[in-house]
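Q: Starting from these lines, generate the structure:
(chains A and B)
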Protein chains: 2
Amino acid sequence: MNEVIMGIINSPPINAGNLRKELSRMNMVDIGDIFGELTKEQTIQFFRLLPKDIAANVFAYIETDKQQIIVEALTDNEVGKIVGGLFADDAVDFIEEMPANVVNRVLRSIPAEKRKIINQLLQYPDDSVGSMMTTEYMTLREDFNIIETFSEIRNKKIKGLHTCYVVRRDKLLVGTVSLKTLLLAKEHERIADIMHPNVISANTTDDQEHAARLFRKYGLLSLPVVDKEGRMVGIITVDDAVEIVEEETTEDFEKMAAILPSEDPYLKTGVFKHTYKRVGWLLVLMLAAILTEMIIADVEDLLAVLPALSAFIPMLMDSGGNAGAQTSMLVIRSMALDEIKFKDILKVWWLEIRVAVICGLVLGVVNAARVLIFNPERALLTLVVAITLLAVMVLSKSLGCLLPLTAKKINLDPAALAMPIVKTLADVVALLVYFAVAAALLPELR
Amino acid sequence: MNEVIMGIINSPPINAGNLRKELSRMNMVDIGDIFGELTKEQTIQFFRLLPKDIAANVFAYIETDKQQIIVEALTDNEVGKIVGGLFADDAVDFIEEMPANVVNRVLRSIPAEKRKIINQLLQYPDDSVGSMMTTEYMTLREDFNIIETFSEIRNKKIKGLHTCYVVRRDKLLVGTVSLKTLLLAKEHERIADIMHPNVISANTTDDQEHAARLFRKYGLLSLPVVDKEGRMVGIITVDDAVEIVEEETTEDFEKMAAILPSEDPYLKTGVFKHTYKRVGWLLVLMLAAILTEMIIADVEDLLAVLPALSAFIPMLMDSGGNAGAQTSMLVIRSMALDEIKFKDILKVWWLEIRVAVICGLVLGVVNAARVLIFNPERALLTLVVAITLLAVMVLSKSLGCLLPLTAKKINLDPAALAMPIVKTLADVVALLVYFAVAAALLPELR
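A: Predicted structure coming up:
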């Protein structure tokens, strides 16, 4: 479909009739995507050619830098109509990405009522439910009958409506009623008699992750948001919940790879921001490696007596790091999905110890077999490595589960803390165990 | 709420009246959760006490092992009612988790029509759209008017209905119409005139990840599924889409930590399954470390001349591994979110090189400062380490972006291949560069 549209745009003069015919068959999201391929001039020209009823809808799906180009080319009146026509949460997302001069112009251009709502939403802390909610929703009064309800729905024209919220005069949320229930109800029935009274809701100040959990747990399509007095002030829709989950997951991925999380997409982040996000942990981990440096310096005389000893150092450190990373990744992800909690710590630890013992035995035997085929004289050193592998598996997998579970318990972020620390500690543990076992078992080192 | 229920259950004889009063205020999901805390006897007893209309709904939210206990305690007739009352996809999920004898009894007990649907769904390949879809949905004919439509909706009693699908006589999907549109339409209007004709749909054989992408891209609440002739056969609901995204994300997490993916929750996986998922990659990575072993064996004479050289090996390997892991994690996640594609490869590489150079300079300077304070005589060695750090950053960050992007391009799984391979290659590169620079710059090694 895009090729047809691009063909029309790229062969001026543009045939507006053909263009509109093609556009009428397309989804708003796909029309928004087209702007990604246009030059600055084409962006303005193409947006002006969009039918008026489509333009405001499409605007929400255009990428930020193109939105800015369009807004700068429009009159105040046009800006007011476009941004005023967005859902409040989309308008807030847009305003948060714009430079100050554009923001001022936009806020000046939109209707006063919308401006008031947007200003309110802008005040909620980032990552709070309040900052994610939209204020376009349908409320009904308990004493409405079906005829009154239908006329209310007709007047309010809420896009994508499927659930209505029942409120008392003081906006206290008391129930929900689905469109299907309304559709099957009789004309004289009252909302209070057909509504579903047990409402799951979130508070404006709740963390957005809490809202996402409610969506997952109860399979919701939308979640009403109330202020601290229980008065309804907005809703979160399921596509917002999906976005929250995605954001939080990306943050977890980043933290586990020793990166400071941010919300900007990869290619929209500059070189210095990218560097800032990564160099801190690289520095910390480099300095943490001083521990391994000190251990090796400490056993320089052992290494001088038996240089073959040093050959296994990278393999032992890597194996410990990998085993610890496996466990901490599984535990951190399972905690994020609410599959395990702090109270399971002993169960998890016991499971990990058993897994570690089997892994350690398998690795030790395979490594011994490999070394003995080529260097049969190294039998005792092979035994040292096997014992070390076993101990390293148990210790690094123990660290891998105990650290994230404990971090969560004391309200530290398990993803940010556990992965890098587990890896560094696993390295240290591998070296300490290796040299201790070697010193104890190898006659030439005594 | 759970405490009240547990109090009633734990003080026999159970007051059934009180229990039902409490239950009537609760969400099905929360009632399902209660079973997690019950003994085998309590499970059966509590399920029998549930009001009939609630029991089937709650059953879908009970954990698998408790479902089995319940089914084994029920009569064939009761089983037929409970499982027959589930959504087809929930029934399939349940059947897939049960042992063969329970499956046979369940299939025998449920109505023939439901059995046929379930048998069909069981045949779709795992991870296909067909295996995730449900067959409870509302279809309308184009020539229906609103009165006919309402009576159809009344007869069919579809739970959670918000969108109706418009089909021709041959079941060909031609449009959608929302309940809100129906509610606002006039009695004589025909479906063909008010329906939305551009339907986004998926095919039964599509990968479930494709369906999840459509949900994300278009912000859908449900997605119709058609067979290869375009006939409608089911729908995917948004909560299923959320589940798909979660499953795929967990798989990515596992692959990146060198773990074979599986769908079982952490605590429901046995020791041997856990070991099987992890020991393979640990073995491969251990054997890959032979490369580092060979490199170190090769430069044993260098290390003998200057033992201080070996002190920096762990730090350099770790820094390379961490830098590569940062980049590959960012790139893999951005690909999963469709933020970057193969065509961006040069743009990404150029960005990573610049980030790597700055990171390399910062790490080199900090490390040099640290070493020179304590060992001013090591100035030249410090320079070697700084140059190595710079080269290692550039090379490992290059590997970190080029490998996953290329893997994806040739249809290999970037998450499974890239992370462990990037780490091992980064180790090898770090050692090679280090010894080459040392041999070139340090007079005592010439």
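
Q: buried ones in the helix-or-strand element of chain A with minimal mean pLDDT?
A: Ranking every helix and strand in chain A by mean pLDDT, DSSP states H and E puts helix A:2-10 at the bottom, with a mean of 76. By neighbour count on 16 or more other C-beta atoms under 10 Å in any protein chain shown, the buried set for helix A:2-10 is A:Ile5, A:Ile8, A:Ile9. C-beta: built from backbone N, CA, C; applies to glycine.

Q: Could you tell me which residues make contact with the first one?
A: It stands for A:Ile5. Counting by C-beta atoms under 8 Å, 6 or more residues apart in numbering or on different chains, A:Ile5 touches A:Leu19, A:Glu22, A:Leu23, A:Met26, A:Ile34.

Q: ok, 10 Å please
A: A:Asn18, A:Leu19, A:Glu22, A:Leu23, A:Met26, A:Asp30, A:Ile31, A:Ile34, A:Glu37, A:Phe46 (C-beta atoms under 10 Å, 6 or more residues apart in numbering or on different chains).

Q: Could you dump those into CSV with pLDDT, distance to chain B and neighbour count added?
A: Shown next, in CSV, are the contacts of A:Ile5 (pLDDT from 0 to 100; distance: C-beta to the nearest C-beta, whole Å; neighbours: other C-beta atoms under 10 Å in any protein chain shown):
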residue, pLDDT, distance to chain B, neighbour count
A:Asn18, 79, 18, 13
A:Leu19, 79, 17, 18
A:Glu22, 80, 12, 17
A:Leu23, 81, 11, 21
A:Met26, 83, 7, 19
A:Asp30, 87, 9, 19
A:Ile31, 88, 11, 22
A:Ile34, 87, 14, 22
A:Glu37, 84, 12, 13
A:Phe46, 86, 20, 23
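
Q: Could you provide these in CSV, with additional columns for secondary structure?
A: Below are the contacts of A:Ile5 laid out as CSV (DSSP: H, G, I helix; E, B strand; the rest coil):
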residue, secondary structure
A:Asn18, helix
A:Leu19, helix
A:Glu22, helix
A:Leu23, helix
A:Met26, coil
A:Asp30, helix
A:Ile31, helix
A:Ile34, helix
A:Glu37, helix
A:Phe46, helix
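
Q: How many residues are close by A:Ile147?
A: 10 (other C-beta atoms under 10 Å in any protein chain shown).

Q: Point me to the helix or strand that includes it.
A: In the assignment (DSSP states H and E), A:Ile147 maps to helix A:146-156.

Q: Outside of that helix itself, which residues are in contact with it?
A: By C-beta under 10 Å, 6+ apart, helix A:146-156 touches A:136-141, A:144, A:161, A:164, A:177, A:179, A:182-191, A:194, B:180, B:183-184.

Q: quick one: the helices in the stretch 201-350 of chain A?
A: A:208-218, A:238-256, A:271-288, A:290-298, A:300-305, A:308-311, A:313-336, A:345-374 (DSSP state H, counting those that start in this stretch).

Q: now A:Val79, nearest residue through space, not along the chain?
A: A:Ser109 (4.3 Å; C-beta to C-beta, 6 or more residues apart in numbering or on different chains).

Q: For the one you found, grab the count of nearby residues.
A: 20.

Q: so what's it up against?
A: A:71, A:74-84, A:115.

Q: A:Val102 against A:Asp65, yeah?
A: No - assessed by C-beta atoms under 10 Å, A:Val102 is found out of contact with A:Asp65, at 11.6 Å.

Q: These two: who's more crowded?
A: A:Val102 (17 against 13).

Q: any idea which helix or strand carries that one?
A: Here A:Val102 is assigned to helix A:100-109, by DSSP H and E.

Q: pLDDT of that helix, averaged?
A: Averaging pLDDT along helix A:100-109 gives 84.

Q: mind listing what's buried in it?
A: Applying 16+ other C-beta under 10 Å to helix A:100-109 flags A:Val102, A:Arg105, A:Val106, A:Leu107, A:Ser109 as buried.

Q: Next, give me the two most distant ones among the residues you listed.
A: Farthest-apart pair in the buried residues of helix A:100-109 is A:Val102 and A:Ser109; separation 10.5 Å (C-beta to C-beta).

Q: which neighbours do those two share?
A: With C-beta under 10 Å, 6+ apart, A:Val102 and A:Ser109 have common neighbours A:Val71, A:Val79.

Q: thinking again about what came up before, following element in sequence after the helix holding A:Ile147, please.
A: By DSSP H and E, the next helix or strand past helix A:146-156 is strand A:163-167.

Q: and that following strand, anywhere near chain B?
A: Yes - residues of strand A:163-167 contacting chain B under C-beta under 10 Å from any C-beta of the partner chain: A:Thr163.

Q: now the helices of the stretch 201-350 of chain A as TSV including mean neighbour count?
A: As requested, these are exported to TSV (neighbours: other C-beta atoms under 10 Å in any protein chain shown):
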stretch	mean neighbour count
helix A:208-218	20
helix A:238-256	21
helix A:271-288	18
helix A:290-298	17
helix A:300-305	14
helix A:308-311	20
helix A:313-336	27
helix A:345-374	18
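
Q: Dump those to CSV, plus mean pLDDT and distance to chain B.
A: Shown next, in CSV, are the helices of the stretch 201-350 of chain A (pLDDT from 0 to 100; distance: least, C-beta to the nearest C-beta, whole Å):
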stretch, mean pLDDT, distance to chain B
helix A:208-218, 89, 5
helix A:238-256, 87, 4
helix A:271-288, 88, 5
helix A:290-298, 84, 4
helix A:300-305, 79, 5
helix A:308-311, 80, 5
helix A:313-336, 89, 4
helix A:345-374, 93, 5
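
Q: Of all these, which one is nearest B:Ala212?
A: helix A:238-256 (9.3 Å).

Q: Run the chain-centre distance for the closest one.
A: 1 Å (C-alpha atoms, centre = their mean, to the nearest Å).

Q: which ones are touching the spatially closest residue to A:Ala416 that is not a sequence neighbour?
A: Using C-beta to C-beta, 6+ apart and skipping residues adjacent in sequence, the residue nearest A:Ala416 is A:Lys255, 4.1 Å away. Counting by C-beta under 10 Å, 6+ apart, A:Lys255 touches A:Pro261, A:Trp281, A:Ile332, A:Asp413, A:Pro414, A:Ala415, A:Ala416, A:Leu417, A:Ala418, A:Met419, A:Pro420, B:Met329.

Q: Could you pull up the contacting residues of the closest residue to A:Glu300 other than its chain neighbours?
A: Excluding the flanking residues, the one nearest A:Glu300 by C-beta to C-beta, 6+ apart is B:Pro307, at 5.4 Å. Residues in contact with B:Pro307 (C-beta under 10 Å, 6+ apart) are A:Ile296, A:Ala297, A:Glu300, A:Asp301, A:Leu303, A:Ala304, A:Pro307, A:Ser310.

Q: Which residues are in contact with the fourth one?
A: Taking C-beta under 10 Å, 6+ apart, we find A:Asp301 in contact with A:Leu445, B:Pro307.

Q: how much space between it and A:Leu309?
A: Per C-beta to C-beta, to the nearest Å, A:Asp301 is found 11 Å from A:Leu309.

Q: Now for those two: what residues contact both?
A: Joint contacts of A:Asp301 and A:Leu309 (C-beta under 10 Å, 6+ apart) are A:Leu445.

Q: Tally up the residues packed near A:Ser128, please.
A: Neighbours of A:Ser128 (other C-beta under 10 Å): 20.

Q: And it, its phi and psi?
A: phi -90, psi 160 (degrees, to the nearest 10).

Q: Show me which of the contacts of A:Ser109 is closest to B:Ala202.
A: Closest to B:Ala202, out of all of the contacts of A:Ser109 and judged by C-beta to C-beta, is A:Ile82, at 32.3 Å.

Q: still on that earlier bit, for the contacts of B:Pro307, work out which two are farthest apart.
A: Going by C-beta to C-beta, the pair spanning those furthest: A:Ala297 and A:Pro307, at 15.7 Å.

Q: interface residues of the stretch 51-200 of chain A facing chain B?
A: A:60-61, A:138, A:149-150, A:153-154, A:157-163, A:178-184, A:197-200.
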